[in-house]
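Q: Okay, sequence plus prediction incoming.
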Amino acid sequence: MVSYAKIGKTLDGMKPTIMMIVFQAVFAVVNIGYKLAANDGMRLPILVAYRFLFSAAFIIPVAFFVERKKRPKLTWKVASYGFLCGLFGGALGQNLYLKALDLTSATFVSAMTNLIPAMTFIVAVCLRLERLGWNTAAGKAKVLGTLLGISGAMLLTFYKGPEINLWDTHINLLELTKSNRSNGSAQVHHGGQNLVLGSILALVSCVCYSLWLIVQAKAAAKYPCPYSITAMMSFWASIQGVGFALCMEREWNDWIPRLNIGLLTAAVAGILGSGVMFVFVAWCVRMRGPLFVSVFNPLLLVMVAIAGSLFLEEKLHWGMVLGGILIVAGLYIVLWGKGRELKQVAQQTPPAENEEQTPQAENEEQTQVHIEMPTVQTPSAPRLSGGSSHGRGSSRRTATATADDEREDDSRGSHSSSDYVGGLYLYHS
């Protein structure tokens, strides 16, 4: 009986890990599906439009019923945040991402997505939402991780290296899909010019996702309803995506839904990626914290690389492997710096709240700091309780208020960027 109880407890503790593995597996399948849909001749803007139409049709009813009793009043400012989220994280970001995937390979763009936390750090510093913090160990780690990630991206782009022959399955799903273009996608990424253009588009898409995460954090501070924010994003992204596709694709035959790999990929990415998987990841963030969720992102690169070499005959080269290693190393160094900042934030809370806490409680506290603390930036939102601990700290200020303000500004920037890193895995697809 005791052994069964231990096994059950162990399996229960592994639920967040299993869910994150499933999450990454789903998006690995979506990336492969995107490549097959592009090779089948489906127009990429139409694919993005259908994806967010599926997403909006799924998540809007869920948000309406789940958050109908706790949803605050919707303001024009929050609606504008939803519009920007739909633009940067939806229509614009996805169109750039898919075009980069079409010009390169699924493995390549999966490696580039690991640059998003580093790019978010750069954008946040440029917008003065976060301080560089070069005098602290956490600040140095973020700068070093960012430089490593950018170096890996350059190596990935400009150095090919010898080919790595791991296996040959003689399976190429790209040959099974009908290509309506004169140059098939299976061969596009071999051209050096297309590789450079695809790299640029992938980097610009990372910047778009970084801006999206910054806007998303501000929206969450004013409107603490994650399902409703996602619904607004999907709603606006569907309108923007359809509008852009109508401007780019005037052939109406391309808009007719057909039961093919393109429609299936759009449905899976929209319903699972923006719906079911969102629930899984939100639950994992509440249980283990945002950094636990973040460390699983490189798993997508590994899965896509294996799937691409097995089923798409994508050839691995030493340049891609070494560049991917540098990017992943930079990602973990940036996350280490963010984790150190979160620990400093947790130490600033009153001692009575930190005594005799279990590791689970510490993780939950970090999650609360991550999600709720940005309300300090928005005094007009008193219904959130996340700013209470900061408020108690500010009420006990002494004559050294200037130094306290500086420390508060540092921690505020830390909270904000932590939201960006964690939010990536709440919403990114």
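A: Looks like it arrived, so ask away.

Q: quick one: buried residues of stretch 246-261?
A: Glu249, Asp254, Ile261 (16 or more other CB atoms under 10 Å). Where you see a C-beta, it was placed from the backbone N, CA and C, and this is true even at glycine.

Q: What number of neighbouring residues does Thr10 come out with?
A: 9 (other CB atoms under 10 Å).

Q: Please apply the same query to Asn135.
A: By the criterion of other CB under 10 Å, Asn135 has 8 neighbours.

Q: Which parts of the protein are strands?
A: 163-164, 316-317 (DSSP state E).

Q: what's the most buried one of those?
A: Among those, the stretch with the highest mean neighbour count (mean count of other CB atoms under 10 Å) is strand 316-317, at a mean of 17.

Q: tell me the mean pLDDT for it?
A: Throughout strand 316-317, pLDDT has a mean value of 82.

Q: Please identify the pairing partners of that strand and their relative orientation?
A: Here strand 316-317 has these sheet partners by DSSP bridges: strand 163-164 (antiparallel).

Q: to the chain's geometric centre, what's the distance from the strand it pairs with?
A: 30 Å (CA atoms, centre = their mean, to the nearest Å).

Q: picking up where we left off before, could I get the buried residues of stretch 246-261 as a markdown table with pLDDT?
A: Shown next, in a markdown table, are the buried residues of stretch 246-261 (pLDDT from 0 to 100):
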| residue | pLDDT |
| --- | --- |
| Glu249 | 87 |
| Asp254 | 85 |
| Ile261 | 88 |
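
Q: And Glu330, how far from Leu132?
A: You called it Glu, but residue 330 is Gly. Noted for Gly330: a distance of 16 Å to Leu132, by CB to CB, to the nearest Å.

Q: out of those two, which sits in the more crowded spot?
A: Gly330 (25 against 14).

Q: check contacts around the more buried one.
A: Asn114, Leu115, Ala118, Leu144, Gly145, Thr146, Leu147, Leu148, Gly149, Ile150, Ser151, Gly152 (CB atoms under 8 Å, 6 or more residues apart in numbering).

Q: So it versus Ser80, what's the distance?
A: Taken as CB to CB, the span from Gly330 to Ser80 is 33 Å.

Q: Likewise for Ile214?
A: 14 Å.

Q: neighbour-wise, which of those two wins?
A: More neighbours surround Ile214 than the other of Ile214 and Ser80, with 23 against 13 (other CB under 10 Å).

Q: just checking, that one touches Leu127?
A: Yes: Ile214 lies in contact with Leu127 (CB atoms under 8 Å); the separation is 7.2 Å.

Q: thinking again about what came up before, please pick the buried ones from the contacts of Gly330.
A: Judged by 16+ other CB under 10 Å, buried ones among those: Asn114, Leu115, Ala118, Leu144, Gly145, Thr146, Leu148, Gly149, Ile150, Gly152.

Q: Max pairwise distance over these: which two?
A: Asn114 and Leu144 (15.2 Å; CB to CB).

Q: Could you export the buried residues of stretch 246-261 to JSON lines, including columns for distance to Phe64?
A: Below are the buried residues of stretch 246-261 laid out as JSON lines (distance: CB to CB, whole Å):
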{"residue": "Glu249", "distance to Phe64": "31"}
{"residue": "Asp254", "distance to Phe64": "32"}
{"residue": "Ile261", "distance to Phe64": "31"}
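
Q: Now flag whichever of these is closest to Gly161.
A: Gly161 lies nearest to Ile261 out of those, by CB to CB, at 31.5 Å.
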